[in-house]
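>>> Just to be clear, the model below is a prediction. Sequence and coordinates:
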Amino acid sequence: MDRRHFLQTLTGAAATAVLTPELAQAAAQLRQGAAAGINWQVAFSDVDADLPRAPLKLVHGRAPKDLAGSLYRNGPGKFHRPGGSVDHWFDGDGLMRAFRVSDGAATLEARFIDTPKRRVEAAANAIVQPGFGTARKPGAQVRNADDANSANISVMSMGGELWALWEAGSPVAMDPKDLSTRGMKTLRDDLVHMPFLAHPRRDPGGDVWSLGLSGAQAIVWRVAADGALKSADMVSLPTASYVHDFTATKRHLIVILQPWVQDRMVMPYADSFTWRPELGSKVLVLDKADLTKRRIYELPPFFAFHFGSAWEEADGTLRFDGCFTPDARFATTNGKAFMKGTFEPEPDPILTLVTLRPDGRATLEPTGVTAEFPRVDGRRSGDARRYTIHATATAANTPLFHGVATYDWKAGKSDSYDFGASHLVEEAVFVARPGGTEELDGWLLAPSVNTRARATELHVFDARRIAAGPICTWRSEHVLPVSLHGVFVRA
Amino acid sequence: MKSLPLFLGLVLGISVLAPGVRAQETASLDVTFAGLKATQGVIMFTLVNSEEAYNDKAKPVAAVMLPVAAATATRTFRGLAPGRYAIKAFHDLNGDGKMNANPFGIPTEPFAFSNNAVANMSPAKWAAASFEVKAGANAHAITID
C-alpha cells in the first residue's frame, strides 16, 4: 500500500474506528521512517500496469563499455485488488523485469506473467486463490497447483526462452525479447502440474537440476540446456521439510532438510508446517549418477531460504554456505507484516559455512556477517571458490537490506558498500568481464528501491572493489517493488 | 483424489424406475457436457442419488462412458425417481479407462462436478455438487476441459 493510501487509512481509522495495535505500530514505523525521509512501504506496493521499455537516466558514473546484455529479474508485483488482497508478500503476481544494458546505456521494462491465477483474479476483481501465506477466498478454485501458480520467485534462461519459476508448480515459458508469456511448461505428459523449485543448479556440462516437493517425497528433475527433459526420478526424504533451495557439487545433489516440517495439508500453505527444533537439521546427499546412493548428515536446528553452490574436496569433504536464521519466523511473520505496511525486528540472516566430512561429522561455522540473496561467480559453480556475493546491512527502521558485499572465505573478510537505510537493495548478480578468468573479474548488477527518489535504480559495481561504491547508477522514472531473483543473459 | 470406478460398455438411457414410483412421478434428465477442448476420448461419469453413493460407498444410479466428438456431449436418463442427484465426471483423453494422475496424485485429465462445483485440492463435496431433479423433464449442464 502506498503512503498516501496508508495515511488516509490512518486518518479514517482514527476518525471512525479503534486504532488497532497493528495500525498503531505501522503508524509509528511510518513516522520514524518519515522522520528519516524513508517510505519503505513503496518497495512492497502494487504495479498496476506493465511498464513499456523506457530509457533509464544515468545519474552517477559511467557504464563499462563491455557490459552488454539483459538482466531479467522476477518478483511479486501486485498484491491488492478492490475485492481483496493477498495476505503475504510471497503471493503477489509475478512481475518480470528486464534491465537491458548496451553501449553505456540502459532501459527498463516490466511485464506481468500471464498466469491462470491472474486471469481468474482480474475477472473477479479480487484476490481469491490461496497461496503460501494467503487463505482461500470465496470464488477460489484450485484443481491443481498451477491454478494457484503466481510464477513470482525467479527466472532462468533455457533454450532461448525464459522460464519464470515459482516453486510449487510448473515453470512458465516467456519470450525474452518482449517478456510475453508463452504458457506453462510441461516437461513430460505424465508430469503435468508437478512442482519445480525456483533455484535450479546448473552442471558444468550444462544440465540443469531441480527438485519438486510434496511432503517427504521429491521429484528430481534433470533438464538439458535446451529445455528438454533428460530424467525425472522420485526420491524419499528423511523429513517432510519445507524446501525452497538446495545445492549441488559436480557429483552430488545436496538437500537441506530443516526442522520446519509439514504435518498436514492446508491453505495457506505455510500453515501446514510446524517448527520442530528437537529434530535438528538433516542434510541429504545424493549421488547424481545413482540417486539410490545417499548419505545423511545431522546438524543443529537452523532455517535458511538460500544456499550457495557446493564443492567437493579431494578427501571427499563437502562444503557450501547459506544464510542462516535461528528459525523460520520470517516466512510467517514479516512476510505478512510487509503487506500491512509494518514489520517486526528479527535476527539477521548470517552467512554460515557448512562442512560435511567423510567420517559423517557435520559442522556449522557462522561468519557473523549479515547476508541474504547469496550468489557466486557462476564459472566457479561446483568448484571450490573464494567468494560469496550477498546483500547485507540491515536497519532498525526499514526491513530487508541496504548494502551489497562480497565475502572472502580465504581472508575471512567482507568488501561492502552501504547505500544507507533509504535504499532497499536487491540481490546482486555477477557478470564476468569478457576475456577475464579470475574469480570476481567482472561486475555486480544490483537494483535498489531508492525510497527518497521514489525510483527503481540499477547499480553496477566492480565486483573486486565494492567498497568504492557503484561505478555507475541508472534511475527509472518509476518505482517497482523489490524483486527476488534474476539472471543476466549476454547480448 | 480417488479414481472413478472402471466401467465396461455404454449405458444408454436406462430406465431406473425405483420400486413403487408411479409413471407420472418419474423424471428425465438431459446431462450436457460443454466446453470440451479435446474432441477425443470419452467422458466417464457417474450419476448418483445419495451422499453415500457420491462418496463411492453405495452404487451409482448410472455409470457412463460418453464418447466425445464435438465441443459438447449429451446423455439423457429417463425414468428417474425425483430427488437430489450429483454427477462426478472426468474426460478420459487417452482412453485407458482411468483418471490419470501425476506422481503426487494430482489429476492430469480434466474433471468436473455437477453444479460446476469447485475442487479445492480435493474433490467437490456432495453438498456443493448435488442438484434437484423434479418430476418431468430436467436439464443439467457441466463445463469440463
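On my side now, so go ahead. Numbering: from 1, shown residues only, chains lettered A, B, ... in the order given.
>>> For A:E161, which non-adjacent residue is closest in space?
A:A173 (5.0 Å; Cβ to Cβ, 6 or more residues apart in numbering or on different chains). Backbone N, C-alpha and C define where each C-beta goes, glycine included.
>>> Quickly list what that neighbour is bridged to.
A:W163, A:G183 (DSSP bridges).
>>> contacting residues for it?
A:E161, A:L162, A:W163, A:A164, A:T181, A:R182, A:G183, A:M184, A:K185 (Cβ atoms under 8 Å, 6 or more residues apart in numbering or on different chains).
>>> And the pLDDT for A:R295?
For A:R295, the pLDDT comes out at 98.
>>> Over to A:P204?
Note on A:P204: pLDDT of 87.
>>> same check, this time on A:H5
47.
>>> can stretch B:82-95 be found next to chain A?
No. Stretch B:82-95 is not in contact with chain A by Cβ under 8 Å from any Cβ of the partner chain; minimum separation 8.8 Å.
>>> now for the biggest strand by length in chain B, which elements pack on it?
Counting by DSSP state E, the longest strand found in chain B is strand B:83-92. Counting contacts by 3 or more Cβ pairs under 8 Å, 6 or more residues apart in numbering or on different chains; DSSP states H and E, strand B:83-92 packs against strand B:27-34, strand B:42-48, strand B:111-113, helix B:126-129, strand B:131-133, strand B:136-143.
>>> follow-up on the earlier one: weed out the non-buried ones from the contacts of A:A173.
Applying a neighbour-count criterion of 16 or more other Cβ atoms under 10 Å in any protein chain shown, the buried members of the contacts of A:A173 are A:E161, A:L162, A:W163, A:A164, A:T181, A:M184, A:K185.
>>> farthest-separated two in those?
A:L162 and A:M184 (13.3 Å; Cβ to Cβ).
>>> Get me the contact residues on the stretch 1-150 of chain A for chain B.
Going by Cβ under 8 Å from any Cβ, the residues of the stretch 1-150 of chain A near chain B are A:P130, A:R136, A:A140, A:Q141, A:V142, A:R143, A:N144, A:A145.
>>> would TSV of those with pLDDT and distance to B:A71 be doable?
Listed next are these as TSV, based on pLDDT from 0 to 100; distance: Cβ to Cβ, whole Å:
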residue	pLDDT	distance to B:A71
A:P130	97	31
A:R136	94	30
A:A140	93	27
A:Q141	88	21
A:V142	90	25
A:R143	90	20
A:N144	93	23
A:A145	95	27
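>>> Of those, just the buried ones, ChimeraX syntax please.
To isolate the buried ones among the residues of the stretch 1-150 of chain A next to chain B in ChimeraX, judged by 16+ other Cβ under 10 Å, type:
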select /A:130,136,140,141,142,143,144,145
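>>> Now do the strands in the stretch 151-300 of chain A.
A:154-158, A:161-165, A:172-174, A:181-184, A:201-202, A:208-214, A:217-223, A:229-236, A:247-248, A:252-257, A:260-262, A:273-275, A:281-287, A:290-299 (DSSP state E, counting those that start in this stretch).
>>> so what does the second one touch, helix or strand wise?
The elements that strand A:161-165 packs onto, with contact taken as 3+ Cβ pairs under 8 Å, 6+ apart, are strand A:69-76, strand A:94-102, strand A:154-158, strand A:172-174.
>>> ok now that strand, how far from the chain's centre?
For strand A:161-165, the separation from the chain centroid amounts to 14 Å (computed by Cα atoms, centre = their mean, to the nearest Å).
>>> List of residues touching that strand?
By Cβ under 8 Å, 6+ apart, the list of residues contacting strand A:161-165 reads A:72, A:74, A:94, A:96, A:113, A:151-157, A:171-176, A:179, A:181-182, A:185, A:196-198, A:200, A:227.
>>> So among these, which ones count as buried?
By 16+ other Cβ under 10 Å, these give A:72, A:74, A:94, A:96, A:113, A:151-157, A:171-174, A:176, A:179, A:181, A:185, A:196-198, A:200, A:227 as buried.
>>> hang on, the earlier thing: between the residues of the stretch 1-150 of chain A next to chain B, which is nearest A:A68?
Using Cβ to Cβ, these come closest to A:A68 at A:A145, 37.5 Å.
>>> I'd assumed A:M184 was in contact with the closest one.
No. The pair A:A145 / A:M184 is not scored as a contact, 10.4 Å apart, by Cβ atoms under 8 Å.
>>> Quickly list what's touching both of these two.
What both A:A145 and A:M184 touch, as defined by Cβ under 8 Å, 6+ apart, is the set A:G169, A:S170.
>>> quick one on the thing from earlier: can you tell me which of the strands of the stretch 151-300 of chain A is nearest to B:K57?
strand A:208-214 (27.5 Å).
>>> tell me what the closest one is packed against?
Checked by 3+ Cβ pairs under 8 Å, 6+ apart, strand A:208-214 has strand A:201-202, strand A:217-223, strand A:252-257 packed alongside it.
>>> Using CSV, write down the CA coordinates of that strand.
Presented in CSV, the C-alpha positions along strand A:208-214 are these (Å, rounded to 0.1, in the frame of the first residue of the first chain):
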residue,chain,number,x,y,z
VAL,A,208,20.0,-28.2,-15.1
TRP,A,209,18.9,-30.0,-11.9
SER,A,210,15.9,-29.0,-9.9
LEU,A,211,13.5,-30.6,-7.3
GLY,A,212,9.8,-30.6,-6.7
LEU,A,213,8.5,-31.3,-3.2
SER,A,214,5.4,-32.9,-1.8
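>>> Show me the contact partners of it.
Counting by Cβ under 8 Å, 6+ apart, A:156, A:158, A:167-168, A:194-197, A:199-203, A:218-225, A:237, A:242-243, A:246, A:248, A:253, A:255, A:288, B:104 sit against strand A:208-214.
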